[in-house]
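Visitor: Return atomic coordinates for the entry below.
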Amino acid sequence: WDIEDIHNALGVSRASIYRWEAIFAEFGTVNRPPSPIRGQELRILTRALMTVCEDLLAEESDIYLDELTTWLALTHDISISVSTLCRNLKEAGLTRKLLHRLAVERDEEHLSKNEITWARHYGRAMAGQRAALADVFVRGDRYSLVAAITTEGYMAAHVVEGSFDSETFYDFIATKVLPSMNPFPAERSVLVLDNCRIHHNEDLYELVRAAGESQ
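Guide: Numbering: from 1, shown residues only. Here you go, the predicted structure:
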């Protein structure tokens, strides 16, 4: 039989037939043997290995499952899929949850290592326990930027140390934005704000109304 006859008789794709043909030519069977490098994948971790995983997650609660499978393969010669590992951890009570960061003493020797912005927000811990991650909290100067933008570009911007509140935002509108605006319906006559809390200010509403009437 040729490929087309097998395709029509069995109703399987031609790609599958070509793949089986190649496997049969290489191994003498249509089933590819398991890789000698990976070995047979486990479906259930032993109690001893689960204890090792629990100890590791207690120290590094933010480790990813693919990193954990790699660690098991390198240190214990265990090959297990991420989905199987996830199921085993869940059955053991190690659930995924938000990381709870714990401040630790600043160590100048490891300053460059510790003062990074952590991108991982989730970890694993036993049910009923927090997924804790020890981290150095870096406290430095903080600045906030606010800007007014039109269809043609920025018309005003302002930077303050710390955060903006309703008062500093009011000053920004009064001193930097409204002087560059015009009465409706001219260009730059409509001021659009989002629902930020510091925008909800009756004094600011009156300021904008008064500016429109005076112009």
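Visitor: lowest average confidence, helix or strand, in the chain?
Guide: helix 111-114 (a mean of 44; mean pLDDT, DSSP states H and E).
Visitor: helices and strands around the helix or strand following that helix, which ones?
Guide: Using DSSP states H and E, the helix or strand that follows helix 111-114 in sequence is strand 122-126. Here strand 122-126 touches helix 47-59, strand 94-103, strand 131-135, going by 3 or more CB pairs under 8 Å, 6 or more residues apart in numbering; DSSP states H and E. Where C-beta positions appear, they are placed from N, C-alpha and C, glycine not excepted.
Visitor: Could you point out the helix or strand that follows the last one?
Guide: Beyond strand 131-135 on the C-terminal side, the first helix or strand identified by DSSP H and E is strand 143-150.
Visitor: swap in the first one?
Guide: Taking DSSP H and E as the definition, the helix or strand that follows helix 47-59 towards the C-terminus is helix 65-76.
Visitor: Now do that next one, average pLDDT.
Guide: Across helix 65-76, pLDDT averages out at 84.
Visitor: and it, what does it pack onto?
Guide: Secondary elements touching helix 65-76 (3+ CB pairs under 8 Å, 6+ apart): helix 47-59, helix 82-91.
Visitor: residues making contact with that helix?
Guide: The contact list for helix 65-76, computed with CB atoms under 8 Å, 6 or more residues apart in numbering, reads 38, 49, 52-53, 56-57, 63, 78-82, 85-86, 89.
Visitor: Over to stretch 164-178?
Guide: 144, 146, 148, 155-158, 160, 191, 197-201, 203-204, 207-208, 211.
Visitor: hang on, the earlier thing: let me have the helices and strands packed on helix 65-76 in JSON lines, adding distance to residue 183 and mean neighbour count as columns.
Guide: Listed next are the helices and strands packed on helix 65-76 as JSON lines, based on distance: least, CB to CB, whole Å; neighbours: other CB atoms under 10 Å:
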{"stretch": "helix 47-59", "distance to residue 183": "64", "mean neighbour count": "14"}
{"stretch": "helix 82-91", "distance to residue 183": "62", "mean neighbour count": "15"}
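Visitor: Between those, which one is closest to residue 98.
Guide: helix 47-59 (14.8 Å; CB to CB).
Visitor: Could I get the average pLDDT for the closest one?
Guide: 80.
Visitor: quick one, it and helix 82-91 angle?
Guide: 80 degrees (axes from the mean of the first three to the mean of the last three CA atoms, to 10 degrees).
Visitor: what angle separates helix 47-59 from strand 122-126?
Guide: Using the same axes, to 10 degrees: helix 47-59 against strand 122-126 is 130 degrees.
Visitor: tell me what helix 47-59 is packed against?
Guide: Using 3+ CB pairs under 8 Å, 6+ apart, helix 47-59 is in contact with helix 65-76, strand 94-103, strand 122-126.
Visitor: Need the winner for burial among these.
Guide: A comparison of these by mean neighbour count, using mean count of other CB atoms under 10 Å, puts strand 122-126 on top with a mean of 19.
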